[in-house]
Every structure is written in C-alpha cells, then in structure tokens.
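Asker: My questions concern the predicted model and sequence given below.
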Amino acid sequence: MREHLARFGNILTSVCAGIASFVFTLVAFLMLKDLGEQIMASVTIGLFALAIVWLAYERPNSGQARAISALVERLLAVRSGDLTSPAPLALQREMPALAAAVDGLFEQVRSNLDNVSAMALYDPVTSLPNRIHFRREADRMLHDEGADRRLALLFIDLDGFKEVNDSLGHAAGDQVLVLVANRLRAVAKSEGKSGSQPLLARLAGDEFTMLFPEVRDSREAERIARRALAALNTPYENSDQLIDMGASIGVALCPRHGSELTGLMKAADIAMYHAKASGRSQYCLYHPRLAAAFEKKSQTERSLREALANDEFELAFQPQLCARTGAVLAGEALIRWNHPSGEVRLAESFISVAEESSLIVDIGDWVIESVAAALKRWHDCGMTQRLAFNISARHFSRPDFFKRLRAEVARSGAPAWLLELEFTEAVAMNCSPATITELVSLRAEGVSIALDDFGTGLSNLRRLKDMPLDRVKLDESLIREIDTSESTRTIVAALIHLIHGLGYQVVGEGVERQEQFEVLRAIGCDAVQGYVFAEALIESDFLAWVRRREKRLQTASA
Ligand code: C2E
Ligand code: MG
Ligand code: MG
C-alpha cells in the first residue's frame, strides 16, 4: 500500500514537473525573438524537463522529492518574471549538479535576453542608441520629476554622405559613420554636466541627434551647436584618403519650442532643413517663422507633384546664336509651369524646391522625355539646330541616369548628335570618375556637353580641364556689367581665352543689351543667348522665330 502511495506521489510530482517545464518552455519561447535562440532554449529546456520527470519517477526519496518540488516552484516563478533567483537550497543540497545546471540555464536565458534587447536598442554600426532607445530615454529626461527641464535638442544631418557612400562604397561609408559617432561622443562628453549626461543617438542613415540637459539659454545651446559643427566639419581620414564632409544642425529648446518630444524633434528638424537650404555646414536655431516657410515649401512640393500628374508642365525654348554670323545654333529647353491660377511660372521659382526632394528626378525624367520628343519632331521637319536641356545634381547622380537617358533617346528616335546636356559647375566639381567615364562615352555617341552658369561657383581649373566638355556657358552675372565695367571686361576676356585654351567654346548667357553683345563678340565669345535676341518661347513660336531668322540671314547674304 505504502509503495503504491509513494509511486502515486512520484507520478504526481513528475506530472507537475512536466507541466512546469512546459510553462517554462513557453515563456522562454515568447521572450526570445531570434528563431535560433528559441530552438536552442526549447531543446535545452525540453531535455531538462525530461530529466526532472525521470528523476521524479525513478528516484523516490523524500529529500529528493522535496528538492524536485522546490525546483518546480522555482520554475513556476518564471511566470511572474523571475529569471534571477538562484536554484532552491533544497535542490542545491540534494542534487548539486542539477542545481548548477538550473543556474547555468537561467544565466544563459538572461544573457540571450540581454543580447536581444541590445540589438533592439542600439545601432549596430556606431553602437549608439537607436531611435527607439532615444525616444524612450528622451521622454524620461523630459518628464523626470524634479529634473531641470531646460534642454537643448540638436538634430544633425550629414552633408554629402550619400556621395561618400556612392563613390567610396558602403564599407567606407560605415567607417565614416563610426568616426562621426566618435566625434559626437567627444562633444557629449566634454559638454556633459555632473550627474546629467547628454543623450546621443543615431536616428537613421546619416541623421544623429543629441539631447543636452540643463542648458540655460539659447546662447549656451548655440555654443554647443558650434562645437558639434566644428567637430563634424573637420575632414575625415579613411584609409589614405581625406574625406571632406560637413553637417547641418537644427537646434530646438525645451520648453521654449515645445515640451513634448514630438514637437521638439519637429522644430529641430525644421531648423536643420533651414540650415541645409541656407548653404549647409551650419547650424540654425528654431524660430516659428521657419515653420511657416517649411509649410509653404511642403505646399509647393504637393502642388508640384499634382502638376506632374495633371500635365501642367511645358517646355519653352530660348535660341542660342552664333556671335559671328547670327545663325541659330541651338535652343535651350527651359521648363515652365502652367499654374492652375492661370499664371505661367518660370523655372527659377520652383526648380530649387523640386531639387530638395526626389521630385526633381520625376520632373527631370519628364523633361528628358519631352526634349527627346521635340528633337525628333524638329529633325523630322529638317531642322539642324541642337537642343540643350538642364539636369540637376540630384538627378545626375542617380546610378541609372545615363542608362535611362540613352533608352529614352533610342525609344524616341531623336538624333543623339543634336542633343546637348547642361549641368552646373557644382555638379562638374563633384563628378565621380565613373560619371566622367559615362560622360566620355555619351560624348563619343554624339551628345554635346555644356557647363552651365560658369563663374557662380568655385571652379577647379584642373577639374575643368579633365571634364569631357564641348562648351562653357558664362553666367549672366559675368555678363551684366561687361559693357560698363572695364575690370569685368578684362576678367571675361581672360576667361574666354582660358576656356578656348582648354579646347571648349564659350557661350555668353543673359545678354540683355546690344552693347553687351558687341563687347562679347569683340572679345571672342562664340555664342550668345539672352533677352536682347529672344526670351524662351513655346515650341510653335520658337520654330517660327527660327524660320524668320534664317530667312533674314539668307536675304542679307544674297
Ligand atoms: P539656366 O539654365 O542658366 O537658364 C537660363 C535662365 O536665364 C532661364 O531662367 C532664362 O529664362 C533666363 N534668361 C534668359 N535670358 C535672360 C536674360 O537676358 N537675362 C536674364 N536675367 N535672364 C535670362 P529660367 O527659365 O527661370 O531658369 C532658371 C534656371 O532653372 C535655369 O538656369 C536652370 O538652371 C534651371 N532650369 C530651367 N529649366 C530646367 C529644367 O528643365 N530642368 C532643370 N533641372 N533645371 C532647369
Ligand atoms: Mg542652362
Ligand atoms: Mg545658366
């Protein structure tokens, strides 16, 4: 009878142990996110459960039975989140090896959980807290009872990081991000105050943020921003290369610009956007007036998107004339927006907004398609003039730009040798070797290449020499005083001489007066373009203008 009771007791204990092990397995399964870890934990705990069941059934002795039931209790405590208590004393005494295995198993589960939460809260490239971690900690700092609520939030966006990634590869890009993180760590460390360290995080891609507690006023916040800027604007050393890259920083203050994290982050983001739009490598302190400008820009972006969908864009064409003979050499396609208000908007008024977003790529694709179609029409009716079009830096740097351009020219049947690509000095100065190779082959296929707005940026003459160009267009600002200022005339004459020396032709842009034209012709400028001849005209007017001009030239020479 006693034997039967003991047997029954053992069966009951083993069933309980089995149930407890099942619960434990389930909890571990739910807490661990990684499938490999889940399988490992399940197998280990399953074997462990079998061992307990076996022990409970096969080793009937009251001390061990007490130890097993203490172990079952311990395992059931996992349900209330206890992963730290050691194996029960009874188990340590009766079955020390099993107790050590239990402790080892709990330690393994704890370390796996720590790894999973570290992966969820830290950025693997820089080891900085990620966005989730930042939000959690920043919320805590903002709402900490009794803490000083005067904080400064810095929103940092690297300038030109995409170019570094594109030209040097992602591994080098990651290295640069680590350098950036280390520089920001140093700033945070030196600006930290006793007992309240700044919070630093990588939010995404090339965006970082810093939250500084106990910032007295905007002057202190601006001083910190200047310090961060100085740290980030110093060139980065990668392998044996020096990478020139800066950052734009937006600053928002709590409570002046918001006391909730979402509002503060939006304010700092708007200020950062303003810093970027005002020339990069600078910081900007938030002001409500910036929010209004930001809203206006967002509104324009929305309208531009609609304009594309509703076919509100049109091309206008401005003639380019030979300075010597007056013959029409080319037309430059300039985009116009037939706004629903009835007004025709010039490129100048909206292209820069489009350039700040990916919209410029869609607009640029529309321009290429329309230019190719127009050139095909012109060629079909016997015209021999080139058709030039403008390409923005953002569109130009797309890896598939050249492929798509070629595909569009081939699809439309437009003659490539009458096409001319215009891009600005800034684009030319930042061209990667791969882009230069593409330009060389495009030029070999007959497409002409022109450098636009020359004289507005910082031109590197060596780079100018290495570019595959056909012509350089002198910016309107160089032409403006050419007939009234002796020194401007001297500078432009020297420039023309230099550009000719490099083997390129020169086009004078923005010629508004006959006197300007006379000077340009006298100092050797090859072609001219400007209101004194014609403004940009819609296609039918342009074609009629060209025909009239050609007729006049024929009559004059007859
Ligand atoms: P740009 O390529 O240098 O074009 C010349 C600009 O000067 C045009 O302004 C033209 O209308 C204007 N212009 C022409 N003659 C004169 C003149 O005698 N005096 C003055 N003061 N200005 C003159 P628009 O059309 O507003 O274009 C401005 C800029 O917008 C262009 O400068 C070009 O950089 C860009 N753009 C124009 N169309 C496109 C386009 O289809 N795609 C892209 N990405 N950019 C474009
Ligand atoms: Mg142009
Ligand atoms: Mg220009």
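Answerer: Received it, and whenever you're ready, just let me know what you need. Since the model is a prediction, treat every value here as computed from it, not as a measurement. Ligands and ions are numbered 1, 2, ... in the order given.
Asker: So which residues on the stretch 451-558 of the chain come close to ligand 3?
Answerer: 452-453, 509 (CB under 5 Å from the ion). The way it works is simple: take the backbone N, C-alpha and C, and place the C-beta from them, glycine included.
Asker: Mind doing that once more with 6 Å?
Answerer: Within the stretch 451-558 of the chain, the positions lying close to ligand 3 (CB under 6 Å from the ion) are 452-453, 473, 475, 509.
Asker: Rebuild these as TSV, extending it with secondary structure.
Answerer: Listed next are these as TSV, based on DSSP: H, G, I helix; E, B strand; the rest coil:
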residue	secondary structure
D452	strand
D453	strand
K473	strand
D475	coil
E509	coil
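Asker: and of these, the nearest to ligand 2?
Answerer: D452 (4.2 Å; CB to the ion).
Asker: Enumerate every residue touching the closest one.
Answerer: 390, 422-425, 473 (CB atoms under 8 Å, 6 or more residues apart in numbering).
Asker: 6 Å - rerun?
Answerer: Residues in contact with D452, defined by CB atoms under 6 Å, 6 or more residues apart in numbering, are 422, 424, 473.
Asker: try S167
Answerer: S432.
Asker: where does this protein come near ligand 3, residue by residue?
Answerer: Residues of the chain lying near ligand 3 (CB under 6 Å from the ion): 452-453, 473, 475, 509.
Asker: Are any of these buried, and if so which?
Answerer: Among those, those classed as buried by neighbour count (16 or more other CB atoms under 10 Å) are 452-453, 473, 475, 509.
Asker: related to what we said a few turns ago, give me the lowest-pLDDT entry from the contacts of D452.
Answerer: In terms of pLDDT, T424 ranks lowest among the contacts of D452, with 92.
Asker: Considering only the buried ones among the residues of the chain next to ligand 3, which also neighbour ligand 1?
Answerer: Among these, the residues that sit close to ligand 1 (CB under 6 Å from any ligand atom) are 452-453, 509.
Asker: would a markdown table of those residues with pLDDT and distance to G524 be doable?
Answerer: Converted to a markdown table, these look like this (pLDDT from 0 to 100; distance: CB to CB, whole Å):
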| residue | pLDDT | distance to G524 |
| --- | --- | --- |
| D452 | 95 | 20 |
| D453 | 93 | 20 |
| E509 | 97 | 16 |
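Asker: now, among those, which is nearest to E207?
Answerer: Comparing these against E207 with CB to CB picks out D453 as the nearest, at 30.7 Å.
Asker: so that closest one sits right up against D475, yeah?
Answerer: Yes: using CB atoms under 6 Å, D453 is in contact with D475, at 4.5 Å.
Asker: Just name the shakiest helix or strand of the protein by mean pLDDT.
Answerer: Lowest by mean pLDDT, DSSP states H and E among the helices and strands of the chain is helix 2-31, with a mean of 56.
Asker: what's next to the helix or strand hosting R394, contact-wise?
Answerer: With secondary structure defined by DSSP states H and E, R394 is part of helix 393-396. Residues outside helix 393-396 that contact it (CB under 6 Å, 6+ apart) are 355, 360-361, 364, 423, 427.
Asker: which one of the residues you listed has the most neighbours?
Answerer: G364 (25 neighbours; other CB atoms under 10 Å).
Asker: who in this structure is up against ligand 1?
Answerer: Residues of the chain lying near ligand 1 (CB under 6 Å from any ligand atom): 318, 334-335, 346-348, 351, 364, 367, 389-392, 422, 452-453, 476, 509-512, 530-531, 536.
Asker: Intersect those with the contacts of ligand 2.
Answerer: Among the residues of the chain next to ligand 1, ligand 2 is touched by 390, 422, 452 when using CB under 6 Å from the ion.
Asker: what sits against P129?
Answerer: Taking CB under 6 Å, 6+ apart, one finds A201 in contact with P129.
Asker: Please apply the same query to Q175.
Answerer: Q175 touches N238, counting by CB under 6 Å, 6+ apart.
Asker: buried stuff in the helix or strand encompassing it?
Answerer: Applying DSSP H and E as the criterion places Q175 in helix 170-191. By 16+ other CB under 10 Å, the buried positions in helix 170-191 come out as 172-173, 175-177, 179-181, 183-185, 187-188, 191.
Asker: Next: stretch 68-85.
Answerer: 68-72, 74-75, 77-78.
Asker: Could you do stretch 540-551 as well?
Answerer: Counting neighbours by 16+ other CB under 10 Å, stretch 540-551 gives 542-543, 545-546, 549 as buried.
Asker: which bits of the protein sit near ligand 2?
Answerer: Checking the chain against ligand 2 by CB under 6 Å from the ion, the hits are 332, 390, 422, 452.
Asker: Let's have those residues in JSON lines, adding distance to E237 and secondary structure.
Answerer: Listed next are these as JSON lines, based on distance: CB to CB, whole Å; DSSP: H, G, I helix; E, B strand; the rest coil:
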{"residue": "E332", "distance to E237": "43", "secondary structure": "strand"}
{"residue": "N390", "distance to E237": "36", "secondary structure": "strand"}
{"residue": "E422", "distance to E237": "36", "secondary structure": "strand"}
{"residue": "D452", "distance to E237": "34", "secondary structure": "strand"}
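Asker: one step back: from the contacts of helix 393-396, which ones fall inside helices?
Answerer: Judged by DSSP state H, the subset of those located in helices is 355, 360-361, 364, 427.
Asker: Reformat those residues as a markdown table; add distance to I482.
Answerer: Formatted as a markdown table, the ones in helices among the contacts of helix 393-396 follow (distance: CB to CB, whole Å):
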| residue | distance to I482 |
| --- | --- |
| E355 | 29 |
| I360 | 32 |
| V361 | 36 |
| G364 | 32 |
| V427 | 25 |
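Asker: Could you identify the least confident member of these?
Answerer: Out of those, that is V427, at 85.
Asker: which non-adjacent residue is nearest it?
Answerer: Using CB to CB, 6 or more residues apart in numbering and skipping residues adjacent in sequence, the residue nearest V427 is A393, 4.7 Å away.
Asker: cool, and R183?
Answerer: A231 (4.3 Å).
Asker: so the one you found sits right up against V187, yeah?
Answerer: Yes: counting by CB under 6 Å, A231 sits close enough to V187 to count as a contact (5.4 Å).
Asker: Quick check: which helices or strands does the one helix or strand R135 maps to pack against?
Answerer: For R135, the host element (DSSP H and E) is helix 131-143. If you count contacts as 3 or more CB pairs under 6 Å, 6 or more residues apart in numbering; DSSP states H and E, helix 131-143 packs onto strand 199-204, helix 261-277.
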